[in-house]
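[1] next one to model:
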Amino acid sequence: MSNIIKSFSFKEDKLQIIQKFDAIAEKEKKKFSELLVEQIEDYVKKHGDGNPAFTLDQFQDKNFRACPAFYRQNQDWYSYLMSLSKQEFKEAWQQRNTVLNAFDKADKDRLK
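    Residues are numbered from 1 along each chain as shown. Predicted coordinates for the structure are as follows:
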């Protein structure tokens, strides 16, 4: 498998941290690029499919719905739900039922 070259740029005020990163790589007898790819892999694990980010164009879509993250506090969810129109609340209630049904199914399947 051949290597692919990908360059990156950074502001001059970040030079010191890049040099420290390079020194750590050298000390650990790893290539700079090897450590960088490890950090990229970690970032993708944390922010990949399970933690999608919204793009600006999604907010322009009239059908786009943003809501609090699943594990947010009760007060955050309450405030969000109270801000919805009757129709939006009805749709949120239907989505709640979808999630509860998925939990019920997963609970039964996990007990098998």
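
[2] endpoint to endpoint, stretch 66-77 covers what distance?
    Taking Cα to Cα, to the nearest Å, stretch 66-77 runs 12 Å from one end to the other.

[3] OK, contacts around residue 21?
    Counting by Cβ atoms under 8 Å, 6 or more residues apart in numbering, residue 21 touches 32, 35, 36. (C-beta placed from N, C-alpha, C; glycine too.)

[4] can you list these in CSV and add secondary structure?
    Below are the contacts of residue 21 laid out as CSV (DSSP: H, G, I helix; E, B strand; the rest coil):
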residue, secondary structure
32, helix
35, helix
36, helix
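
[5] which of those are buried? Put it as a PyMOL command.
    Listed next is the PyMOL selection for buried residues among these, using 16 or more other Cβ atoms under 10 Å:
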select buried, resi 36
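
[6] which one among the contacts of residue 21 gets closest to residue 98?
    Residue 98 lies nearest to residue 36 out of the contacts of residue 21, by Cβ to Cβ, at 40.2 Å.

[7] so how far is residue 12 from the residue nearest to that closest one when sequence neighbours are not counted?
    The shortest distance from residue 36 to any residue other than its chain neighbours is 7.9 Å, reached at residue 21 (Cβ to Cβ, 6 or more residues apart in numbering). Remark: distance between residue 21 and residue 12 (Cβ to Cβ, to the nearest Å) = 15 Å.

[8] quick one: low-confidence parts of this structure?
    Within the chain, the set of residues satisfying pLDDT under 70 comprises 46-56, 59.
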